[in-house]
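Chemist: Make a model of this:
(2 chains)
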Amino acid sequence: MTAKSDLPQGTLDLLILKVAALGPVHGYAIAQRLQQVTRDVVQVPQGSLYPALHRLENRGLLAAGWKDTETGREAKFYRLTRKGRAQLEAESASWQRLTQAVGLILKLSEGGAQ
Amino acid sequence: MNWWQRLARRGKLEEQLDKEMRFHLDQHTADLIVQGHHPAEARRQARLALGGTEQVKEQCRDARGTRWLEDLWQDFRYAARALRQRPGFTAVSAVTLAIGIGASTAIFSAVNPILFEPLPYPGASRIMMIWDTFQGVRCDVTFHTYRELAARSHSFEASAALEAWQPTRTDGTSAAQPERFDGQSVSAAYFRALGVAPALGRDFQAADDRFKGPHVTILSDALWRRRFAGDSAIVGRQITLDGDLYTVIGVMPRGFDNVLAPSAELWAPLQYDAGNVTNYESGDWGHHLHMVARLRPGLGVDQARQELNAIARAKVGEFPRPPFASLEHGLLVNPLQGEVTRGVKPVLLAVIGAVVLVLLIASVNVTNLLLARGAQRRGEFSMRAALGAARSRLIRQLLTESLLLSFLGGALGMVVAELGVEALVALSPAGLPRVDAIAVNGAVFAFAFGVTALAGLLVGLIPALYASRADLVAGIQQGSRRTAGGRQWTRRALVVSEVALAIVLLVSAGLLFRSLDRLFAVPPGFDAAHLLTMQVQYNGHRFDDGDVRRRFLTQALDAARHVPGVRSAAFTSLLPLSGDQYGVYGTQFEDGNGYDVFRYVMTPGYCQTMGIALRRGRLLDEHDTSGAPPAALIGESLAKRQFPGQDPIGRRVHVGPLNRPWYAIVGVVGDVKQGSLADSQADAVYITPAQSWFADDAMSLVVRAHDDVTALAPAIKNAIWSVDKDQPIVRVATMDTLLAASASQRRFAMIVFEAFALVALLLAATGIYGVLSGNVSERMREIGVRSALGASRVDILALVVRQGMTLTGLGVAIGLGGAAAASSALVTLLFGVSRLDPLTYIGVIALAAGVSAIACWVPAWRAARVDPAITLRAE
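Modeler: Next comes the predicted model:
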């Protein structure tokens, strides 16, 4: 097995919001989606997924409702609220700024070493 | 969903959470099966991937944000169950806390409006009282001093002078007999200085307050309702007061609290003569007016002080001053709040201190009970800790229990407080300000709530720390009783502190008790038994004539003496221990020496009736009439002061103005306590009405009877009314009553302290008992071994008693130190005893030792009867 990185602190919420932004989705599907998208590079602990979902619901960033899945079972579907969308935009912007800055710094120190 | 909804729908949320988890696991399992895993293996892997379902659920519950509330509710139910299981423990603890909380709440509700709440006036902190000073002692201002300050000072918005006014109303339709009211004569701006306006009609105006101005009056709400049926047509109506027609111009609002004279029910303008300034002999120059003033906004007390004292130093021609009102000693400017509470502050602070001690002792006692109970429940806590309960969780649980207990106590305490407030008001010494404002109100509830919560945390903390520290293995094992060292140590320390606190209270109560004892042992200078007193007020203008007064006195006395059962009777202008004021006058002897003395104008026979001893010369009699040479008696202390080693008989003295004839001193009588038994000042001069030129408004009748004097009161009143039916008779009281009332403040403090000390002693005794009996239970085995090895019952008895008495001894030693320190706060309330009075301290030690010996005896007796066979077999 290849070594997987841990998810950086606070990014799980961002990822969940991003997945939920694509349309109503239940917890298991979110776990699946995250696993596929990150291609097993990042370890998404399923155990922390649900507390995160409940926390986001609690903060009004996600709204939840019970619906039938395609297989005919009732599941709890989460969708992004307007507040959640705003939060998502703000957080992705700040994430991008952060990664750019970190990238810059890394390049800079490489240049300095040469 | 808000947290409340989430909490309310907890069951449904739980169900949904479970469903969500199950869905996840099923989906994952199904996917894994599709990928080719065996169903059982697939399920196992799915579970593994999610990580313990229960942990995830627990984290989801935490994410809900209502966790603390759910726990609280759970703790609460658990605590309630735990308390219900032990009704005895719960009842004792709750009652103990109820006593502490109730007593402190009662004291708070009494003290709060007096010491802490601002006076019930807008901007109350700006209201000042202004005093003149003489030889370093403050005194009332004269009318002309007031006039000068009001005219020259710029510090005040409104200023007023005031004095007592006791008019008699004779046209009352409901009252068959003349009624005398307590009232005040005030400057026009009096109510403006307080910041209160009449609810009905108008306030006084400057035009009302001038010499020979209109007769107008403002009534209190209570008087208006009592005598005029709350009829608003009263404004503009006329009533007869002291023989003059007064127009009612206003009624004060219902809630008006007149702190300067709480009993005053009506007011009239002062109407002094501002013109006759240089007549220094006139009453306008008498030091008998209070002065109250309201500071301008933004001005400090210090600025006003500076301004007034600058005025005092800079005399101007427009305002001449006689030597006795020269203002050269400076003026005092003090906030009204402090003035109102001045006399009672030491008592109230002492009482607050006492109740804090009681609360502490009650809390310590309950702490001890909880510790003992914690020891019994060690197994339970060890088990919970072993099952994974965090220490913080256990502490929270125990604190919930102690809080529930204290709120139980607090609820009971409110009943105690309610009763306590009633008792306090009933006991409250005369002169306690703002008694009407004493009630269990919102502030009091808030206080009680705070104290209750604090007590709950306080009593719970140490036991919770101990219980949660439980050593797992030792706790679960049956033999845990053998290891209780630290807890025992804490419990003993708590008992020692309880005893120490109780000692402080006992010593204080003892000192106050001894003071009162000493005080009543002071000879008042007369024989107080079988003496009835009443005050007769002259009513109407015909009494402006001195001859009419004297004729009335003679006739009334004659009538009173003929009432069956009366041995003798006399009138006096100044009655000892009655609170009579305005009886102090300046005297001057031939050598120019002068003293302030009590001036008694009394009918011949007064000294015999009162039982005042004659030391030298003769008493005054019927021959000392207006035609005879003026004669006076002087008190013993004045004689010693002015004529040390000489015979005062035949010397001469001026009483009051110097332009009156000399009085020849014909006798010396024993000293009489005038203000209170604690007074040292007793200089006195006695003259007869026939040779007096003073216009006293009221005279007190003293009657000595053969036995029951109270029964004579109606007959004597009728006898006086048979002479003149319009004379109001007030303040009917036996001299014994007056004597007791003169010490009412001390008595109040003593009763409160005695009650508290008794409670403290009982609590401390139960504390000792509790610790010892807990100790005996825990040491059953040891005691069994000892007696198996040959220790006699007496040995075992001594073992336990010694342990208890050691704790008592330590507590007493610490308590005595504390008491010696605390007693310095009581000094102003003590009389005739040192605050380190050995007798009190020894008595308290004996009492504490006796009570704790009893408390030790019961557990010791139980220990001595331990059957070694049984205890050892139980192991």
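Chemist: Summarise which helices and strands the helix or strand hosting residue B:94 is packed against.
Modeler: Element membership of residue B:94, judged by DSSP states H and E, is helix B:87-111. In terms of contacts (3 or more CB pairs under 8 Å, 6 or more residues apart in numbering or on different chains; DSSP states H and E), helix B:87-111 is packed against helix B:67-85, helix B:345-376, helix B:391-427, helix B:442-468, helix B:744-778. For every residue, glycine as well, the C-beta is placed using N, CA and C.
Chemist: Between those helices, which one is closest to chain A.
Modeler: helix B:67-85 (11.3 Å; CB to the nearest CB).
Chemist: what's the model's confidence in the closest one, averaged?
Modeler: Helix B:67-85 shows a mean pLDDT of 84 in the predicted model.
Chemist: do stretch B:533-547 as well
Modeler: Averaging pLDDT along stretch B:533-547 yields 86.
Chemist: Quick check: end-to-end length of that stretch?
Modeler: One end of stretch B:533-547 to the other measures 24 Å (CA to CA, to the nearest Å).
Chemist: What residues sit buried inside it?
Modeler: Residues of stretch B:533-547 classed as buried by neighbour count (16 or more other CB atoms under 10 Å in any protein chain shown): B:533-540, B:543.
Chemist: got the contact list for residue 87?
Modeler: Using chain A here. A:17, A:61 (CB atoms under 8 Å, 6 or more residues apart in numbering or on different chains).
Chemist: For it, give its distance to residue B:68.
Modeler: Going from residue A:87 to residue B:68 by CB to CB, to the nearest Å gives 25 Å.
Chemist: circling back: would you turn the helices and strands packed on helix B:87-111 into a markdown table with distance to residue B:334?
Modeler: Below are the helices and strands packed on helix B:87-111 laid out as a markdown table (distance: least, CB to CB, whole Å):
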| stretch | distance to residue B:334 |
| --- | --- |
| helix B:67-85 | 51 |
| helix B:345-376 | 13 |
| helix B:391-427 | 27 |
| helix B:442-468 | 26 |
| helix B:744-778 | 21 |
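Chemist: Work out for me the element residue B:608 sits within.
Modeler: Secondary structure from DSSP H and E places residue B:608 in helix B:606-610.
Chemist: Give the buried residues for that helix.
Modeler: B:606-607, B:609-610.
Chemist: and which of the residues you listed is nearest to chain A?
Modeler: Of all those, the one with the least separation from chain A (CB to the nearest CB) is residue B:610, at 86.3 Å.
Chemist: so that closest one touches residue B:529, yeah?
Modeler: No. Counting by CB atoms under 8 Å, residue B:610 stays clear of residue B:529, with 11.4 Å between them.
Chemist: just to revisit the earlier point, just checking, what packs against the next helix or strand after the helix holding residue B:94?
Modeler: Next in sequence after helix B:87-111, counting helices and strands by DSSP H and E, comes strand B:127-134. Where contact means 3+ CB pairs under 8 Å, 6+ apart, strand B:127-134 is packed against strand B:137-139, strand B:290-295, helix B:301-313, strand B:331-335, helix B:336-341.
Chemist: Can you check what angle separates strand B:127-134 from helix B:301-313?
Modeler: Interaxial angle of strand B:127-134 relative to helix B:301-313 (axes from the mean of the first three to the mean of the last three CA atoms, to 10 degrees): 40 degrees.
Chemist: Could I get the buried residue list for strand B:127-134?
Modeler: Buried positions in strand B:127-134, judged by neighbour count with 16+ other CB under 10 Å: B:127-132.
Chemist: Tell me which two of the buried residues of helix B:606-610 sit farthest apart.
Modeler: Farthest apart among the buried residues of helix B:606-610 by CB to CB are B:607 and B:609. That separation is 7.4 Å.
Chemist: Look up which helix or strand the residue nearest the centre of chain A falls in, please.
Modeler: Centroid-nearest residue in chain A: residue A:15, 1.1 Å away (criterion: CA atoms, centre = their mean). Counting by DSSP H and E, the element that carries residue A:15 is helix A:11-21.
Chemist: Now the element after that helix, going C-ward?
Modeler: With DSSP H and E, the next secondary element past helix A:11-21 is strand A:25-26.
Chemist: shaky segments in the stretch 51-200 of chain B?
Modeler: B:65-67, B:172-176 (pLDDT under 70).
Chemist: So which residues on it come close to chain A?
Modeler: Neighbours of chain A within the stretch 51-200 of chain B, by CB under 8 Å from any CB of the partner chain: B:51-52, B:55-56, B:59-60, B:62-65.
Chemist: redo that, cut-off 7 Å
Modeler: By CB under 7 Å from any CB of the partner chain, the residues of the stretch 51-200 of chain B that approach chain A are B:51, B:55-56, B:59-60, B:63-65.
Chemist: Narrow those residues to those in helices?
Modeler: Among these, the members falling in helices are B:55-56, B:59-60, B:63-64 (criterion: DSSP state H).
Chemist: Next, count neighbours for residue B:711.
Modeler: By other CB atoms under 10 Å in any protein chain shown, 11 other residues sit near residue B:711.
Chemist: tell me the pLDDT at it?
Modeler: You'll see residue B:711 listed with a pLDDT of 90.
Chemist: Am I right that it sits in a helix?
Modeler: Yes. Checked against DSSP: H, G, I helix; E, B strand; the rest coil, residue B:711 lies within a helix.
Chemist: Leaving out sequence neighbours, find the closest residue to it.
Modeler: Of all residues not flanking residue B:711 in the chain, residue B:565 sits nearest, at 7.8 Å (CB to CB, 6 or more residues apart in numbering or on different chains).
Chemist: quick one, phi/psi of the one you found?
Modeler: phi 100, psi -20 (degrees, to the nearest 10).
Chemist: so what's it scoring on pLDDT?
Modeler: Listed pLDDT for residue B:565 reads 91.
Chemist: that older thread, would JSON lines of the helices and strands packed on helix B:87-111 with mean neighbour count be doable?
Modeler: Shown next, in JSON lines, are the helices and strands packed on helix B:87-111 (neighbours: other CB atoms under 10 Å in any protein chain shown):
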{"stretch": "helix B:67-85", "mean neighbour count": "14"}
{"stretch": "helix B:345-376", "mean neighbour count": "22"}
{"stretch": "helix B:391-427", "mean neighbour count": "20"}
{"stretch": "helix B:442-468", "mean neighbour count": "19"}
{"stretch": "helix B:744-778", "mean neighbour count": "22"}
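Chemist: Relative to residue B:587, how far out is residue B:646?
Modeler: Applying CB to CB, the value for residue B:646 to residue B:587 is 17 Å.
Chemist: circling back to that earlier point, tell me who's in contact with the residue nearest to the centre of chain A.
Modeler: residue A:34 (CB atoms under 7 Å, 6 or more residues apart in numbering or on different chains).
Chemist: Can you give the distance from stretch B:300-310 to the centre of its chain?
Modeler: The chain centre lies 32 Å from the centre of stretch B:300-310; the measure is CA atoms, centre = their mean, to the nearest Å.
Chemist: Which residue ranges of chain A form strands?
Modeler: Using DSSP state E, the strands of chain A run over A:5-6, A:25-26, A:42-43, A:62-68, A:74-80.
Chemist: so which of these comes closest to chain B?
Modeler: Checking those against chain B by CB to the nearest CB gives strand A:74-80 as the closest, at 4.8 Å.
Chemist: Strand partners (parallel or antiparallel) of that closest one?
Modeler: strand A:25-26 (antiparallel), strand A:62-68 (antiparallel) (DSSP bridges).
Chemist: Please list the outside residues in contact with the longest one.
Modeler: Spelled out, it's strand A:62-68. Here strand A:62-68 makes contact (CB under 7 Å, 6+ apart) with A:20, A:53, A:56-57, A:74-81, A:84.
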